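could you look at this predicted model? Sequence included:
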Amino acid sequence: ARGDIHGLNAPRGSEVTMQTEIGGKELRAVIDTYGGKVVRLYRPGGREYIWGETYCYWPDRAGVLFPTCGRVYEERMTYRGKSYPLPLHGVAYTSEMRIVSRTDDSVTLELKGGGDDKYPFPYTLRVIWSVRGSVLSMTAEATNEGDEDMYCAFGFHPWMNVPIDPSRSFEDYYVTFPNAGDVRRCVMSAGVLDTGVREEYPTDGGKLRLRHSLFDDDALMLEGTGGVAVIGCGSGEEYVFTYDKMPYIGFWHLEKKEVPFLCLEPMTALPGREGVVEDWNTRPDITKVAAGGKTYARATLEVRRGGN
């Protein structure tokens, strides 16, 4: 059995939650305070872009990932000789956040925590969502509230409708990486942990053609994609996804199922290494934040009319 990186067997989410809607005439988004996630994205009077059936499979879907992405070996990490339990994707995506500011086209959510038996570093996490025209922006910013270095990672997790046009099929769509260098696959173990193996990932004329069987063994994790992914079929609407300070991106849908969505998973760090109980200050790709300092990750999703 695979390692269930997406937590499909996770308990149901918080019943005490709040949703708020932002946006304008071109595009609108509904943001949920539980996990700081986007649960709806749509054009007024037009199409829906977030897969609406996710609650049937994963109540905690699409939340912001912090202070880790994916799993770690033995579901724990260490710091200064002490062991800290670390669940799938960290603590933010199953936490209730509070709204600290809101305008017609933006909302800022906040979560404070850490310095306890779950995560050794006190922090303030702010998640900012905004809609400008046809672009949804998402920013996660963490402040180190402690008096020593803090270590963390970020990730986002939107579940997007594919096909965008319901008259097309999933297999009509493909992903292109206009800024890519040498695209490599990060090979995961059966437990969906990093094996350290990197393989050149061939594309079809620069295109990653989507097919359901791509995800029979869980997520496809890539590096070297250049921070931009375009998902389209050559005509009609397409998604232009950019991810700043996030060297990895995963693509996923339910294993061995033909479902009409694609999960986009940019990350600042990969899941933990297979067979290694990671230490917070030596884990590869982890971000170090000085006392009182801040770090952030940002992604944007444009729903672009037309295609190439």
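Good, I have the coordinates.

which stretches of this protein have low pLDDT?
Within the chain, the segments meeting pLDDT under 70 span 1-16, 53-61, 306-308.

can you give me the helices for it?
For the chain, the helices defined by DSSP state H cover 54-57.

give me the neighbour count for residue 197.
Taking other Cβ atoms under 10 Å as the neighbour definition, residue 197 ends up with a count of 12. Yep, even glycine has a C-beta here, placed from its N, CA and C like the rest.

where's stretch 272-290 relative to the chain centroid, distance-wise?
19 Å (Cα atoms, centre = their mean, to the nearest Å).

that stretch: end-to-end distance?
Across stretch 272-290, the straight-line distance between its terminal residues is 22 Å, by Cα to Cα, to the nearest Å.

in it, what's buried?
For stretch 272-290, the neighbour count (16 or more other Cβ atoms under 10 Å) marks 272, 273, 274, 276, 278, 280, 283, 286, 287, 289 as buried.

beta partners for the closest residue to the second one other than its chain neighbours?
The one in question is residue 273. Spatial nearest neighbour of residue 273, chain neighbours left out: residue 194 (4.9 Å); criterion: Cβ to Cβ, 6 or more residues apart in numbering. Beta-bridge pairing of residue 194, defined through DSSP bridges, involves residue 188, residue 273.

ok, back up a step: reformat the buried residues of stretch 272-290 as a markdown table; add distance to residue 81.
Listed next are the buried residues of stretch 272-290 as a markdown table, based on distance: Cβ to Cβ, whole Å:
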| residue | distance to residue 81 |
| --- | --- |
| 272 | 18 |
| 273 | 20 |
| 274 | 23 |
| 276 | 16 |
| 278 | 14 |
| 280 | 12 |
| 283 | 16 |
| 286 | 18 |
| 287 | 22 |
| 289 | 22 |
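
of all the residues you listed, which comes closest to residue 118?
Of all these, the one sitting nearest residue 118 is residue 280; the distance, using Cβ to Cβ, is 12.3 Å.

which residues touch that closest one?
77, 78, 79, 84, 120, 121, 151, 286 (Cβ atoms under 8 Å, 6 or more residues apart in numbering).

and the residues you listed, which is closest to residue 100?
Sorting the contacts of residue 280 by how near they are to residue 100, with Cβ to Cβ, puts residue 121 at the top with 20.8 Å.

now which of the contacts of residue 280 would you call buried?
For the contacts of residue 280, burial is judged from neighbour counts taken by 16+ other Cβ under 10 Å, and it is met by 77, 78, 79, 120, 121, 151, 286.
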